[in-house]
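**Q** for reference, the sequence and a predicted model appear below.
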Amino acid sequence: MKQGVLELALAGVCGVTAIIGLATSQTRQPYDLTQIQFCPKSINGVQSQIRLDKRFCNQPRFVLAEEWQRYGLYGSIIPYKGDAIQWVRDLPTDNPHQLLGGAVTVMGLWGIVGCLLVRSQRLKRKDYELGELEKTGGYAIWQQHKHKREVKQHSTQLYTERLKDGLSGLDTEERLALGLTDSENERAKARIQLEDFLKARAVNHSVMDKTIAENLRDRAKAEQERGKIEGKTKGAIANNDNHPLTDQRLISDLIEALKNHEDGWLWKIIDNQKPVWVLGEAGSGKSTLAASIVMLREYLFDMPLYQLIDAHAGDNLRNAWKYLSPQLIAQTESDIGQAFDDARERWLDRINNQRDKQPQQLLVDEFTNYSESDITKEPAKKFVKASLSDPRKASERLVCIAHFFTNTAVGGSDGTAKGRARGTIQIDRKTADGKTPLKVAVINGLNNSDGDAEADKKVTIPSWLIPESIHKHFNGQPIDFDDV
């Protein structure tokens, strides 16, 4: 017997059972009763007794048999009247099986619900399987005719091109016959068409090269994941002859990590042309972050560090600036003042006279002290004011370090507070003990998608964002971004 017929049959049986149970539970007298009579005694003679009997004794009265059995006991609802209340007869219920019939009715109804629920779930599952089978069959048919469609499309394209070439040839002959063109003009048109074709082919090749590079990057990531499972190190994977670890892959991995960190604020800063101010008290990691930003721009954008302006350059070159290679260094007060003036002149010269200029960087440390010296005060003030507009046009990225962002702390540049807040990016680093930098930082001046400068944006700095890790990444020890 089929499952559907069995389900309907069981539902019918349960329905009949419910009907039978409901019918057997019907009754006119659901409880056992006792008939009694109330016959009070009169003390006023025979006539008075006759009137009492007509009024009370001849009226039939009924109570529950259970109450009659409790008559005279504590808790009975029948008032005790002595011999005035008398038993007449017992009236048992006319259907002693009504409770059983009610239970059978309920069970029958639940049986119907269960059968219909099972049937509904089975039909849903069957419909899903039929839908999946239909989609599978449709996909198979689509795959079967895919080759025919491609051949037909290619044939149509070839026919269209042949027809276009034929019509172009006829048009050219007619124009030659009418004197509207000549052979030299047609050769020039043909040369232009050939150049356009070659450019279009070069574009297609560049797109394919980009796809190949992306596939190689994804394959390298998959190899790294498999290497972790198999216990291989990243260096072992990089040294595999079948999967060379190229500079382009290293750059792509680093850019992807920058973009994927939180909402991509690291990449936005590296790629931004606004001057970057790294702020914080001693021991907060200002120099480490500034050096990392300079190194990332150098490796990713081929943007060398043109000049380092730092009164403590001698010590910092052995520590914070260990992996930097500045072309010029300004360390003494006189050199620093001159470097500020030279930077302003250089910016103007690059803006006005150098059309194809290579982007470069300028790093300035210990800005807090320059407003206190008579030698550096005025050059620093002019330098800060010019930095709000000139470096971007001059293709020079500026990174400055200071303890605070007040006018005095940034070279005594009065009147530039609003311009600095809007036209620069400030990264405020933190430390709890004056020794160890915290991962949390606060950023101001970084524009959001609406072009508005965000204020007091809290971010975290990844542990791999240090000069040593970046240097190793491009020198045989790639960063494992999943383990940091």
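**A** Done, it's in.
**Q** residues in contact with residue 254?
**A** By CB atoms under 8 Å, 6 or more residues apart in numbering, the contact set of residue 254 is 296, 299-300, 470, 473, 479. The C-beta positions use only the backbone N, C-alpha and C, and glycine is treated the same way.
**Q** and the next element down the chain from the top helix by length along the chain?
**A** With secondary structure taken from DSSP state H, the chain has its longest helix at helix 98-177. Counting by DSSP states H and E, the next helix or strand C-terminal to helix 98-177 is helix 183-230.
**Q** and the angle for that following helix with helix 98-177?
**A** With axes from the mean of the first three to the mean of the last three CA atoms, to 10 degrees applied, the angle from helix 183-230 to helix 98-177 works out at 150 degrees.
**Q** A helix includes residue 12, no?
**A** Yes - the assignment for residue 12 is a helix, going by DSSP: H, G, I helix; E, B strand; the rest coil.
**Q** so what's the residue count around it?
**A** When neighbours are counted by other CB atoms under 10 Å, residue 12 registers 12.
**Q** what residues does it make contact with?
**A** By CB under 8 Å, 6+ apart, residue 12 has no neighbours at all.
**Q** use 23 as the first number from now on
**A** Done: numbering now begins at 23, and the last item shifts to residue 34.
**Q** and stretch 347-361, how far from the chain's centre?
**A** Taking CA atoms, centre = their mean, to the nearest Å, one finds stretch 347-361 lying 46 Å from the centre of the chain it belongs to.
**Q** show me which residues of it are buried.
**A** Within stretch 347-361, the residues scored as buried using 16 or more other CB atoms under 10 Å are 348, 352-353, 357-359, 361.
**Q** among those, which are in strands?
**A** Judged by DSSP state E, those include residue 352 as members of strands.
**Q** for the buried residues of stretch 347-361, work out which two are farthest apart.
**A** 348 and 359 (17.9 Å; CB to CB).
**Q** next structured bit after the helix or strand of the chain with the lowest mean pLDDT?
**A** Sorting the helices and strands of the chain by mean pLDDT, DSSP states H and E puts helix 256-260 at the bottom, at a mean of 49. Scanning forward in sequence from helix 256-260 by DSSP H and E, the next helix or strand is helix 269-282.
**Q** return the distance of that next one from the chain's centre.
**A** 20 Å.
**Q** got the CA coordinates for the following helix or strand past that helix in CSV?
**A** Next in sequence after helix 269-282, counting helices and strands by DSSP H and E, comes helix 287-292. The C-alpha trace of helix 287-292 is given here as CSV (Å, rounded to 0.1, in the frame of the first residue of the first chain):
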residue,chain,number,x,y,z
TRP,A,287,42.3,52.7,8.2
LEU,A,288,45.9,51.6,7.8
TRP,A,289,45.7,51.5,4.0
LYS,A,290,43.8,54.8,4.0
ILE,A,291,46.7,56.5,5.9
ILE,A,292,49.5,54.9,3.8
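**Q** hang on, residue 38 is in a strand, isn't it?
**A** No - Residue 38: not assigned to a strand; according to three-state DSSP it is helix.
**Q** and it, how many neighbours does it have?
**A** Neighbours of residue 38 (other CB under 10 Å): 11.
**Q** now do the same contact list for it.
**A** By CB under 8 Å, 6+ apart, residue 38 lies in contact with residue 130.
**Q** got it, and residue 342?
**A** With contacts defined as CB under 8 Å, 6+ apart, residue 342 is in contact with 309-310, 312-313, 489.
**Q** of the residues you listed, which belong to helices?
**A** Using DSSP H, 309-310, 312-313, 489 are the members of the contacts of residue 342 that sit in helices.
**Q** could you list the low-pLDDT ranges of the stretch 173-322 of the chain?
**A** 249-268 (pLDDT under 70).
**Q** re the thing from before, can you lay out the contacts of residue 276 as JSON lines showing neighbour count, distance to residue 142 and secondary structure?
**A** Shown next, in JSON lines, are these (neighbours: other CB atoms under 10 Å; distance: CB to CB, whole Å; DSSP: H, G, I helix; E, B strand; the rest coil):
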{"residue": "318", "neighbour count": "22", "distance to residue 142": "61", "secondary structure": "helix"}
{"residue": "321", "neighbour count": "17", "distance to residue 142": "63", "secondary structure": "helix"}
{"residue": "322", "neighbour count": "17", "distance to residue 142": "60", "secondary structure": "helix"}
{"residue": "492", "neighbour count": "21", "distance to residue 142": "62", "secondary structure": "helix"}
{"residue": "495", "neighbour count": "21", "distance to residue 142": "60", "secondary structure": "helix"}
{"residue": "501", "neighbour count": "20", "distance to residue 142": "56", "secondary structure": "coil"}
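**Q** for those residues, which one is nearest residue 186?
**A** Closest approach to residue 186 among the contacts of residue 276 (CB to CB): residue 322, at 45.6 Å.
**Q** with adjacent residues omitted, what lies nearest to that closest one?
**A** residue 273 (5.9 Å; CB to CB, 6 or more residues apart in numbering).
**Q** gap between the one you found and residue 314?
**A** Residue 273 is 15 Å from residue 314, where distance means CB to CB, to the nearest Å.
**Q** so for those two, which sits in the more crowded spot?
**A** Set residue 273 next to residue 314 and count neighbours by other CB under 10 Å: residue 314 wins out with 23 against 16.
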